[in-house]
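Undergrad: Sequence and computational prediction follow.
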Amino acid sequence: MVARNTTIRDRHRATLRAKKLPCAICGEPIDYTLRWPDLDCFVVDHIVPVDLGGADTIDNKQPAHHRCNREKANKLESSILRRSGSLR
């Protein structure tokens, strides 16, 4: 397993937080004032999980709710139905 740089991780988290985007998994807004471990708080999701070969780069990260990220786990897609009616 490759060690991840916490400075870069924190920079990526701040970059995504500043954009205030909705959850990339369910499509619902994220309350960026909530803190972990609240299930509706903001977390960073790896689009392609690191343990499945995904890079630990900003291009492979997206904002998500803690609950959505937990459900997705280390899969490439989630079974969560987006409000738009399409599956991720």
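TA: That came in fine, so what should we check first? Residues are numbered from 1 along each chain as shown.
Undergrad: Please enumerate the strands of the protein.
TA: Along the chain, the stretches classed as strands by DSSP state E are 42-46, 61-65.
Undergrad: tell me what the first one is packed against?
TA: Using 3 or more CB pairs under 8 Å, 6 or more residues apart in numbering; DSSP states H and E as the contact criterion, the elements in contact with strand 42-46 are helix 6-19, strand 61-65, helix 66-72. C-beta coordinates here come from the backbone N, C-alpha and C atoms, glycine included.
Undergrad: Switch these over to a markdown table; also include distance to L34.
TA: Output for the helices and strands packed on strand 42-46, formatted as a markdown table (distance: least, CB to CB, whole Å):
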| stretch | distance to L34 |
| --- | --- |
| helix 6-19 | 12 |
| strand 61-65 | 9 |
| helix 66-72 | 9 |
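Undergrad: so which of these gets nearest R35?
TA: Set against R35 and scored by CB to CB, the helices and strands packed on strand 42-46 come closest in helix 66-72, at 9.9 Å.
Undergrad: Quick one: mean pLDDT over the closest one.
TA: Helix 66-72 shows a mean pLDDT of 96.
Undergrad: which outside residues touch that helix?
TA: 23, 25-26, 36-43, 45, 64, 78-80 (CB atoms under 8 Å, 6 or more residues apart in numbering).
Undergrad: can you dump the C-alpha coordinates of that helix into CSV?
TA: The C-alpha coordinates for helix 66-72 follow below in CSV (Å, rounded to 0.1, in the frame of the first residue of the first chain):
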residue,chain,number,x,y,z
HIS,A,66,-20.3,10.5,4.4
ARG,A,67,-23.3,8.1,4.2
CYS,A,68,-23.1,7.9,0.4
ASN,A,69,-19.3,7.3,0.5
ARG,A,70,-19.8,4.5,3.1
GLU,A,71,-22.4,2.8,0.9
LYS,A,72,-20.2,3.1,-2.2
